[in-house]
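Chemist: this is a predicted model, with the sequence first.
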Amino acid sequence: MSSARAVPFHCPYCADEDLRPHESGHGAWECAACNRAFQLKFLGLLARRTAPGGPHEQP
Ligand SMILES: [Zn+2]
């Protein structure tokens, strides 16, 4: 996972699937349905410490 771009499958605003890369690039997408442009940004990995297999975390 070096420089793989995250591809959104649905518009986060109208949930349409007609997305295309925005001209500014770098994770920017535009929705042809609602004419919104948005940008995906990877914030980092979560530092969760939940035990695998347990749906509820009991202290
Ligand atoms: Zn949209």
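Modeler: Yep, it's here. These numbers come from a predicted model, not from an experiment. Numbers count the residues shown, from 1 in each chain.
Chemist: please make it C-alpha for all contacts and neighbour counts, starting now.
Modeler: OK.
Chemist: how about low-confidence regions in the protein?
Modeler: 1-5, 51-59 (pLDDT under 70).
Chemist: tell me the residues on it that lie near the ion, please.
Modeler: 11, 14, 31, 34 (Cα under 5 Å from the ion).
Chemist: of the residues you listed, closest to residue 49?
Modeler: Closest to residue 49 out of the residues of the chain next to the ion is residue 11 (30.7 Å), distances taken as Cα to Cα.
Chemist: OK, contacts around the closest one?
Modeler: Listed by Cα atoms under 8 Å, 6 or more residues apart in numbering, the contact partners of residue 11 are 17, 18, 19, 31.
Chemist: repeat that for residue 33.
Modeler: By Cα under 8 Å, 6+ apart, the residues touching residue 33 are 14, 16, 18.
Chemist: any chance of these in JSON lines, plus neighbour count and distance to residue 39?
Modeler: Formatted as JSON lines, these follow (neighbours: other Cα atoms under 10 Å; distance: Cα to Cα, whole Å):
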{"residue": "14", "neighbour count": "12", "distance to residue 39": "15"}
{"residue": "16", "neighbour count": "14", "distance to residue 39": "16"}
{"residue": "18", "neighbour count": "13", "distance to residue 39": "15"}
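Chemist: which among the residues you listed gets closest to the ion?
Modeler: residue 14 (4.1 Å; Cα to the ion).
Chemist: ok, the closest one touching residue 34?
Modeler: Yes. Between residue 14 and residue 34 there is a contact at 6.7 Å, judged by Cα atoms under 8 Å.
Chemist: show residues contacting the host helix or strand of residue 20.
Modeler: In this structure, residue 20 is located in strand 19-21 according to DSSP states H and E. With contact meaning Cα under 8 Å, 6+ apart, strand 19-21 is reached by 8, 9, 10, 11, 27, 28, 29, 30, 31, 32.
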